[in-house]
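Engineer: Here's my sequence, what's the structure:
(2 chains)
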Amino acid sequence: GDSVTQTEGQVALSEEDFLTIHCNYSASGYPALFWYVQYPGEGPQFLFRASRDKEKGSSRGFEATYDKGTTSFHLRKASVQESDSAVYYCALGGRRGSALGRLHFGAGTQLIVIP
Amino acid sequence: NAGVIQTPRHKVTGKGQEATLWCEPISGHSAVFWYRQTIVQGLEFLTYFRNQAPIDDSGMPKERFSAQMPNQSHSTLKIQSTQPQDSAVYLCASSLETGANTGQLYFGEGSKLTVL
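Structural biologist: Presented below is the predicted three-dimensional model:
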């Protein structure tokens, strides 16, 4: 079945460091891919999506490029801030004709930014 | 616009009791989702309504769990005979589900269920 793998369970960085969180997916065709962010005590928030090969999604300084060849959608940010500390989830969209809006979430990556 | 509203925020039940969780989706959103979040299992899909009709309940445990959406302004998740392993944060989300908005879920803050 469809699945999403996030390699890092936790990432600790200093402010202004470069961030990469790896996300790989397993699915046929061209599923939509998403990044969500969750702050303590809140539900996950949509960051951005991409639905075609080589499409780049971006928001709040974060970006990721859909790569069909490597089945990846890695999250990157050039310079992290303490306020970016949160849990980041990569997600795979559902299938046309069925549960289109249902998402398959990865395990999440906790980002800790040290001031 | 108010976001997705979930009540109660916290619920403590004894083993074997019933728990009912409520969700008010964003007005105008056609899809409502329930997810469960635990440290061990992460975010697990439970069930999904579109225009109040059940679309996919493949994530719901076959026994004791049920969900309904009697009208467009609220959905309920009911757990009968709660067990300690049901302890989790139950998240409700709604979505417009139109074109580019599909998959853009708006989550509530969740209902934290603790079963003693």
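Engineer: got a pLDDT number for residue 104?
Structural biologist: Reading this off chain A. Per-residue pLDDT puts A:His104 at 90.
Engineer: was after chain B, sorry
Structural biologist: At B:Gln104, the predicted lDDT confidence score is 88.
Engineer: ok, now A:Lys77?
Structural biologist: Looking at A:Lys77, the pLDDT reads 98.
Engineer: is it true that it touches A:Ser83?
Structural biologist: No. Between A:Lys77 and A:Ser83 there is no contact under CB atoms under 8 Å: 11.7 Å. C-beta here means a position set from N, CA and C on the backbone, and glycine is covered the same way.
Engineer: out of these two, which sits in the more crowded spot?
Structural biologist: Neighbours per residue, other CB atoms under 10 Å in any protein chain shown: of A:Lys77 and A:Ser83, the larger number sits with A:Lys77, 20 against 11.
Engineer: Could you check how far the more buried one is from B:Gly28?
Structural biologist: Counting by CB to CB, to the nearest Å, the gap from A:Lys77 to B:Gly28 is 32 Å.
Engineer: For the chain, give me the ranges with low pLDDT.
Structural biologist: The chain I'm using is chain A. A:95-101 (pLDDT under 70).
Engineer: hmm, I had chain B in mind actually
Structural biologist: Residue ranges of chain B with pLDDT under 70: B:1, B:99-101.
Engineer: what's the helix or strand for residue 29?
Structural biologist: The chain I'm using is chain A. Using DSSP states H and E, A:Gly29 falls within no helix or strand.
Engineer: Tell me both backbone torsions, phi and psi, for it.
Structural biologist: Note on A:Gly29: its backbone torsions stand at phi 70, psi -150 [degrees, to the nearest 10].
Engineer: sec struct for the residue in chain A that chain B sits nearest to, please.
Structural biologist: Residue nearest to chain B within chain A: A:Gly43 (2.8 Å; CB to the nearest CB). Look at A:Gly43: counting by DSSP: H, G, I helix; E, B strand; the rest coil, its state is coil.
Engineer: Tell me which residue in chain B sits closest to chain A.
Structural biologist: Nearest residue of chain B to chain A: B:Phe107, at 2.8 Å (CB to the nearest CB).
Engineer: Within range of chain B, give me the residues from chain A.
Structural biologist: A:32, A:34, A:36, A:41-46, A:49, A:89, A:91, A:93-94, A:98-108 (CB under 8 Å from any CB of the partner chain).
Engineer: Mark which of those are buried, thanks.
Structural biologist: A:32, A:34, A:36, A:43-46, A:49, A:89, A:91, A:93-94, A:99-108 (16 or more other CB atoms under 10 Å in any protein chain shown).
Engineer: Now, those residues that are in strands?
Structural biologist: Of those, the ones assigned to strands by DSSP state E are A:Phe34, A:Tyr36, A:Gln45, A:Phe46, A:Arg49, A:Tyr89, A:Ala91, A:His104, A:Phe105.
Engineer: Now do the same contact list for the third one.
Structural biologist: It refers to A:Gln45. Contact analysis of A:Gln45 by CB atoms under 8 Å, 6 or more residues apart in numbering or on different chains lists A:Tyr36, A:Val37, A:Gln38, A:Tyr39, B:Phe107.
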